[in-house]
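S.K.: Here's a sequence, model it:
(2 chains)
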There are 2 protein chains.
Amino acid sequence: MSTAAKPTQRARVRRLPKRARYDWDSIRAILDAAFLCHVGYVIDGQPFVTPTCYWRYDKQVLLHGSFASRMLKTLAEGIDVCVTVSIVDGLVLARSGFHHSINYRSAMLFGRARSLDAEQEQREAMEACVERFYPGRWQTLRPVTRKELKATTVLALDIDEASAKVRTGPPIDDEADYALPIWAGVVPIESVQRELERDPRLAAGVKAPEHLRDLSHLGVSAR
Amino acid sequence: MSTAAKPTQRARVRRLPKRARYDWDSIRAILDAAFLCHVGYVIDGQPFVTPTCYWRYDKQVLLHGSFASRMLKTLAEGIDVCVTVSIVDGLVLARSGFHHSINYRSAMLFGRARSLDAEQEQREAMEACVERFYPGRWQTLRPVTRKELKATTVLALDIDEASAKVRTGPPIDDEADYALPIWAGVVPIESVQRELERDPRLAAGVKAPEHLRDLSHLGVSAR
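M.R.: Below is the predicted model:
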């Protein structure tokens, strides 16, 4: 794991190295504040970028989906993968077009994935996924079946290398521009949950569960 | 442009083809509802996925950044690129772990980029970018300089092929599970803007501009 002070060649941030971080705590904090990643992989020289949910276990990122997924099949071959997680925190408005920016946190992970093939391992992974999203929900659900496990692929990506990049704070304008009567600052942006939409076929008398009240662990704020 | 009814081999959605759309209107609608994309490209066989802002012009996606950006330099060579835009609309909770899902809209674009090298073309692109984000702002800004244009790379990606994938609505559970007393439904998720943060060095008496009131064209709702 090369997320200590010195990055590898592949993970080194080229642009604006002042924004770069390579320590595991910074990378973990970003992984633990979101649930969607973008997976980059190559088939016959052509790059593909697929959005998918993930969860973290120790220094692994786990992905899952249908057994029939071409992405998962391809990744399971052990090819080089890039997984990127990015969170937009705000729009940064400067006094010149040039200095406009975005406040963000992003992590770029490099590694190779392996498929979890043992049924027990798969079952635990599926539980971990549901529990990551909705703590306490797994035990309330109709239990997973062997057929469902067979239809599911779970991949674990060992994070061999990683980098994070973070921008925070107000715009950085040219010194002479600060005097101009132009509004500058930040529009903070947040992901929020809205009013729950009950399944139209919800059984009578079923109340919304406690685990939907606070989704801030997914980077989703309450209204 | 192969976004008509019949997709190309590369753009064809493999998993859950019922969720796939290939018509330009569907793809454009997604591109015009967000501002962040994830760009996939390959260097020496290694995939990279870089988050960056984009804007659309006709059937092109435009990207920009520093002249020194490795990503932009690499893309400008005319290599195959995949640009993915994804918007999360909600968390979908089912009665079994297996049927949990996400409501989303995503577009995957394939093409090759070229650099806009003429100064006038660059200037217009930069204006178009600011105007896409903040209609009416460009003319209020300190004008762009030649030095800034020289320091900027703008790339235009011709969208040769594209596909969109959309999931909406409640969970789809196994028929027998609908009777179970388990909460199921959707947690809608939205991106919202919070209270503006004025630059601490804002000139006296400068009011927040009108163009920050409604950012819904960026997929960002008002509070």
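
S.K.: For stretch A:46-63, the averaged confidence score.
M.R.: Mean pLDDT, computed over stretch A:46-63, is 96.

S.K.: That stretch and chain B, any residue contact?
M.R.: Yes - using Cβ under 8 Å from any Cβ of the partner chain, we find that stretch A:46-63 touches chain B at A:46-51, A:53. Backbone N, C-alpha and C define where each C-beta goes, glycine included.

S.K.: Most neighbours of all those, which one?
M.R.: In terms of neighbours by other Cβ atoms under 10 Å in any protein chain shown, the residues of stretch A:46-63 next to chain B top out with A:Val49 at 29 neighbours.

S.K.: Looks to me like that residue is in a strand.
M.R.: Yes - the assignment for A:Val49 is a strand, going by DSSP: H, G, I helix; E, B strand; the rest coil.

S.K.: remind me which residues of chain A are low pLDDT?
M.R.: Across chain A, the ranges flagged by pLDDT under 70 are A:1-6.

S.K.: list the buried ones in the longest helix seen in it?
M.R.: The helix spanning the most residues in chain A, taking DSSP state H as the definition, is helix A:119-133. Of the residues in helix A:119-133, A:122-123, A:125-133 count as buried by neighbour count, 16 or more other Cβ atoms under 10 Å in any protein chain shown.

S.K.: Please apply the same query to stretch A:137-145.
M.R.: By neighbour count on 16+ other Cβ under 10 Å, the buried set for stretch A:137-145 is A:137-138, A:141-142, A:144.

S.K.: Ok, stretch A:212-223 next?
M.R.: Within stretch A:212-223, the residues scored as buried using 16+ other Cβ under 10 Å are A:212, A:215, A:218-220.

S.K.: Could you do stretch A:23-43 as well?
M.R.: Going by neighbour count (16+ other Cβ under 10 Å), the buried part of stretch A:23-43 is A:24, A:26-28, A:30-31, A:33-42.

S.K.: tell me the helices in chain A, going along the chain?
M.R.: For chain A, applying DSSP H gives helices covering A:24-31, A:70-76, A:119-133, A:146-150.

S.K.: Packing partners of the shortest one?
M.R.: On a contact count with 3 or more Cβ pairs under 8 Å, 6 or more residues apart in numbering or on different chains; DSSP states H and E, helix A:146-150 meets helix A:119-133.

S.K.: Only alpha carbons, please: show the helix it packs on as CSV.
M.R.: The C-alpha atoms that make up helix A:119-133 are tabulated as CSV, following Å, rounded to 0.1, in the frame of the first residue of the first chain:
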residue,chain,number,x,y,z
GLU,A,119,-20.7,-18.8,-1.0
GLN,A,120,-20.0,-17.7,2.6
GLU,A,121,-17.7,-15.0,1.6
GLN,A,122,-20.3,-13.7,-0.9
ARG,A,123,-23.0,-13.8,1.7
GLU,A,124,-21.0,-11.8,4.1
ALA,A,125,-20.1,-9.3,1.4
MET,A,126,-23.8,-8.8,0.5
GLU,A,127,-24.6,-8.3,4.2
ALA,A,128,-21.8,-5.8,4.5
CYS,A,129,-23.0,-3.9,1.5
VAL,A,130,-26.6,-3.6,2.9
GLU,A,131,-25.3,-2.7,6.3
ARG,A,132,-22.9,-0.1,4.9
PHE,A,133,-25.9,1.6,3.3
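
S.K.: Figure out the length between the terminal residues of stretch A:52-64.
M.R.: 8 Å (Cα to Cα, to the nearest Å).

S.K.: swap in stretch A:177-194?
M.R.: 40 Å.

S.K.: Could you do stretch A:92-105 as well?
M.R.: 14 Å.

S.K.: near chain B, anything from that stretch?
M.R.: Yes - using Cβ under 8 Å from any Cβ, stretch A:92-105 reaches chain B at A:93, A:95-98, A:100, A:102, A:104.

S.K.: so what's the most far-flung residue of chain A relative to its centre up against?
M.R.: Going by Cα atoms, centre = their mean, the residue of chain A most distant from its centre is A:Ala179, 39.5 Å out. Neighbour list for A:Ala179: B:Ala203 [criterion: Cβ atoms under 8 Å, 6 or more residues apart in numbering or on different chains].

S.K.: Tell me where chain A has strands.
M.R.: Remark: strands assigned in chain A by DSSP state E are A:20-21, A:36-43, A:46-57, A:60-66, A:80-93, A:101-115, A:152-167, A:185-193, A:197-198, A:220-221.
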